[in-house]
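Colleague: quick one: sequence and predicted model below, then my questions.
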Amino acid sequence: MKAKTATSIARPVGRRRPVQGNAPLVQAPASAGQQAAARIPVDAIQTAASASALGKILGVYADPLTWGAAFFILVSLVTGIIYFTWAVTGLALSVSFLILILGLPFAFVFLLSVRGLALVEARLVGAALGMSIAPAPLFGKAGSKWWERLKALVADRNTWSALLYLVLQMPLGVIYFSVTVSLVALALGLISAPLLYVLTPMPVIMIESQALRLPIWAPVLTGIAGFLLLTAAMHIIRGIGRWHGKYAKALLAG
């Protein structure tokens, strides 16, 4: 009875049909994303690319790095003068005082101040330019004598790279400030030309005693040129910030 039940329940296994060699391959249906991408015209892709390029150009006004770099450029003129004055004066006095008993303690204080100013500058660069700079530790051993610490400061490469940064910061600050202020002032002057043309009764150009008033389209073109120049100046400011952040990290990081 058990054998009959098993035989009656079991289903006959059907034979597999051989796959013909000439049968066409069945392709998987395209996904919804592929179908949508296929329906996007070429003109729409080109328009999106041009909009993206325009966004990159005008996005400099909304970039925090641009305004942080502008703030750093304005501050670097003052800090550069302070750094340069202290570095040159302190180095000259340290070398001059070496013949006296006061020379070594003064040199220790001066080199220690150089590392302290480097730490302050690293924090300023990190806050303004978004560059994380971890300065090197001052001393390897805790509780060592001051002359051992002086030898450690003299032998440390970071001390002299920080001193080089302090000396070079003044000429760099002057260059940054001069280029930035000149470009921005010229751009703002050109942008204000249409407004001055409308508000002021004064002629735009004076040739000897004759007044020459330009046509209305000339100030408009001048304003457009000023806006383009201002945008280029903002890109230059951001480029200065990026370059100086890498430069400061190379000299101030441990």
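Modeller: All right, it came through fine.
Colleague: where do the helices of this structure begin and end?
Modeller: 2-9, 32-39, 42-58, 64-96, 103-129, 146-155, 157-191, 193-199, 217-252 (DSSP state H).
Colleague: of these, give the one that comes closest to residue 136.
Modeller: Residue 136 lies closest, by Cβ to Cβ, to one member of those: helix 157-191, at 4.3 Å. The C-beta positions use only the backbone N, C-alpha and C, and glycine is treated the same way.
Colleague: can you tell me which residues contact the residue nearest to residue 78 when sequence neighbours are not counted?
Modeller: Of all residues not flanking residue 78 in the chain, residue 173 sits nearest, at 7.9 Å (Cβ to Cβ, 6 or more residues apart in numbering). By Cβ atoms under 8 Å, 6 or more residues apart in numbering, residue 173 lies in contact with 73, 76-81.
Colleague: so which of these wins on neighbours?
Modeller: residue 76 (26 neighbours; other Cβ atoms under 10 Å).
Colleague: spatially nearest residue to that residue (excluding sequence neighbours)?
Modeller: Using Cβ to Cβ, 6+ apart, the nearest residue to residue 76 is residue 173, at 3.8 Å.
Colleague: pLDDT score assigned to the one you found?
Modeller: Predicted confidence (pLDDT) for residue 173: 96.
Colleague: any idea how far residue 180 is from it?
Modeller: 11 Å (Cβ to Cβ, to the nearest Å).
Colleague: identify the contacts common to those two.
Modeller: With Cβ under 8 Å, 6+ apart, residue 173 and residue 180 have common neighbours residue 73.
Colleague: widest-spaced pair of the contacts of residue 173?
Modeller: Every pair of the contacts of residue 173 checked by Cβ to Cβ; the farthest is 73 and 81, at 13.9 Å.
Colleague: for residue 192, grab phi and psi.
Modeller: phi -80, psi 0 (degrees, to the nearest 10).
Colleague: count of neighbours near residue 234?
Modeller: 23.
Colleague: and if you look at residue 243?
Modeller: Residue 243, neighbours per other Cβ under 10 Å, totals 12.
Colleague: try residue 237
Modeller: Residues near residue 237, counting by other Cβ under 10 Å: 24.
Colleague: isn't it right next to residue 74, touching?
Modeller: No - taking Cβ atoms under 8 Å as the definition, residue 237 is not a contact partner of residue 74, at 10.5 Å.
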